[in-house]
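**Student:** kindly return the folded structure for what I paste below:
(2 chains)
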Amino acid sequence: MSGVAGVARGRGGRPRGGGRRGSAFLVEALVLLAFLVAALAVFVALFSAARTRSTEAAQLTEAVAEAREAAERFAADPATAGGTAEQEGLTVTVETAADDAGGAGAGTLWRAVITVRSAEDGAEVYRLETERYVGGAGGEGVADGAGGDAS
Amino acid sequence: MSWNGRGSARRTVTTMRMGPINIFTLVVVLCLAVMAVLAVTTAQASWRLAEQQASFTQDDYANEALAQELLAHADAAAAGGADAFGVAEELTELLARGAVSGADGTATTVIPDEGQVGLHVEAASGRCLDVVLAVETDGDGAGSVRVTSWKATTLWDEDTGDVLWGGNADASTGEADAAAGGSDE
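**Tutor:** As a prediction, this is how the structure comes out:
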């Protein structure tokens, strides 16, 4: 008698065990593919959110730098600091207003509102408010209450 | 179902085995998950830092605006003939009445001294502005205010929990003496 066991065959003469292995492999591959697609969808969403967040952070940092620069220009010369400028994809608007303190020898208190907006959609990114007092003699950073008389 | 040699049925169980493709996919998914978490946390940290910087800058210029307004009032008071103590009293009264815009949310202290007035403006975040104004009066009774100091600082608590070595010079000298004594022997 032959020592080799014959392969069990089903109808049509096809090997029974090989068919089961083939279908199991297909099921396994489909499950794996579904898992991979779901995981990739989640990861793509996470990466997209991270990119958006980092872009917003970079834009805010740039807006703060531009606002600070505009505030320092206002502090240097409040009378001519007003206006709008576009830099690095941002629109910087400086609105100034003078408030005479009144009284003998009093100077002028300048107020400024600095608004930084996105050049793409005009949404406000950052806002800064500052003031600058210019003495009666017009001294830079020095308040002179002597009524403008040069002494 | 298959039949064994004794004529009884033997159930064949097909199991799902972990092949190399499965392992490879698992490794790829794990790596992507780690990178996604790192990317999200890094972006969030960057955003938090940018927000903190923006907040500090706003506090800086809010302190600046308040101090400039107080400077204007001090100048007006000095022009009216007030001395340093009079100017300090005027500023303190204005702050108490809430007549100074921008004083909300800040702790402002007026410190009078001989011939000068000190202002300390402190925001809730710890950003501070220290100003010293010299009040000068001329013979006509009208006065003026001059800025002698304008410093922006930050209050912070030093973390001394991780000090590894205090740098004690006596300890190092003692070690050198011990070494010299050892070599003499």
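**Student:** break down the chain into its helices, ranges please.
**Tutor:** If you meant another chain, say so; for now it's chain A. Taking DSSP state H as the criterion, chain A carries its helices at A:16-76.
**Student:** my question was about chain B
**Tutor:** B:20-79, B:84-97, B:169-184.
**Student:** select, out of those helices, the one closest to chain A.
**Tutor:** helix B:20-79 (3.4 Å; Cβ to the nearest Cβ). Where C-beta positions appear, they are placed from N, C-alpha and C, glycine not excepted.
**Student:** report the beta-bridge partners for the closest residue to residue A:82 other than its chain neighbours.
**Tutor:** Once flanking residues are discounted, residue A:82 sits nearest to residue A:96: 4.3 Å by Cβ to Cβ, 6 or more residues apart in numbering or on different chains. Listed beta-bridge partners, residue A:96: residue A:112 (assigned using DSSP bridges).
**Student:** would you format the helices of chain B as JSON lines with mean pLDDT included?
**Tutor:** Listed next are the helices of chain B as JSON lines, based on pLDDT from 0 to 100:
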{"stretch": "helix B:20-79", "mean pLDDT": "93"}
{"stretch": "helix B:84-97", "mean pLDDT": "88"}
{"stretch": "helix B:169-184", "mean pLDDT": "49"}
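**Student:** distance to residue B:141 and mean neighbour count for those - can I get that in TSV?
**Tutor:** Formatted as TSV, these follow (distance: least, Cβ to Cβ, whole Å; neighbours: other Cβ atoms under 10 Å in any protein chain shown):
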stretch	distance to residue B:141	mean neighbour count
helix B:20-79	10	18
helix B:84-97	12	18
helix B:169-184	59	9
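**Student:** is it possible to get JSON lines of those that adds distance to chain A?
**Tutor:** JSON lines is the format used below for the helices of chain B (distance: least, Cβ to the nearest Cβ, whole Å):
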{"stretch": "helix B:20-79", "distance to chain A": "3"}
{"stretch": "helix B:84-97", "distance to chain A": "11"}
{"stretch": "helix B:169-184", "distance to chain A": "44"}
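**Student:** OK, contacts around the residue nearest the centre of chain A?
**Tutor:** Geometric centre of chain A, nearest residue: residue A:56, 0.9 Å, by Cα atoms, centre = their mean. Residues in contact with residue A:56 (Cβ atoms under 8 Å, 6 or more residues apart in numbering or on different chains) are B:47, B:50.
**Student:** what do you get if the cut-off is 7 Å, keeping everything else the same?
**Tutor:** By Cβ atoms under 7 Å, 6 or more residues apart in numbering or on different chains, the residues touching residue A:56 are residue B:47.
**Student:** need the contact list for residue B:43.
**Tutor:** Counting by Cβ under 7 Å, 6+ apart, residue B:43 touches A:50, A:53, A:54.
**Student:** my guess is the first one meets residue B:39, correct?
**Tutor:** Yes. Taking contact to mean Cβ atoms under 7 Å, the distance of 3.9 Å between residue A:50 and residue B:39 places them in contact.
**Student:** near chain B, which of the contacts of residue B:43 show up?
**Tutor:** A:50, A:53, A:54 (Cβ under 7 Å from any Cβ of the partner chain).
**Student:** the last one reaches residue B:46, doesn't it?
**Tutor:** Yes. Here residue A:54 lies in contact with residue B:46, judged by Cβ under 7 Å, at a distance of 5.6 Å.
**Student:** how far does stretch A:29-37 sit from the chain's center?
**Tutor:** For stretch A:29-37, the separation from the chain centroid amounts to 36 Å (computed by Cα atoms, centre = their mean, to the nearest Å).
**Student:** which residues are in contact with it?
**Tutor:** Contacts of stretch A:29-37 (Cβ under 7 Å, 6+ apart): B:21, B:22, B:25, B:29.
**Student:** which among these gets closest to residue B:157?
**Tutor:** Closest to residue B:157 out of the contacts of stretch A:29-37 is residue B:29 (43.7 Å), distances taken as Cβ to Cβ.
**Student:** find the nearest non-adjacent residue to that closest one, please.
**Tutor:** residue A:39 (4.9 Å).
**Student:** isn't that neighbour right up against residue B:30?
**Tutor:** No. Assessed by Cβ under 7 Å, residue A:39 is found out of contact with residue B:30, at 9.7 Å.
**Student:** and residue A:49, how close does it get to residue A:42?
**Tutor:** Residue A:49 is 11 Å from residue A:42, where distance means Cβ to Cβ, to the nearest Å.
**Student:** again, but for residue B:152
**Tutor:** From residue B:152 to residue A:42 the distance is 46 Å (Cβ to Cβ).
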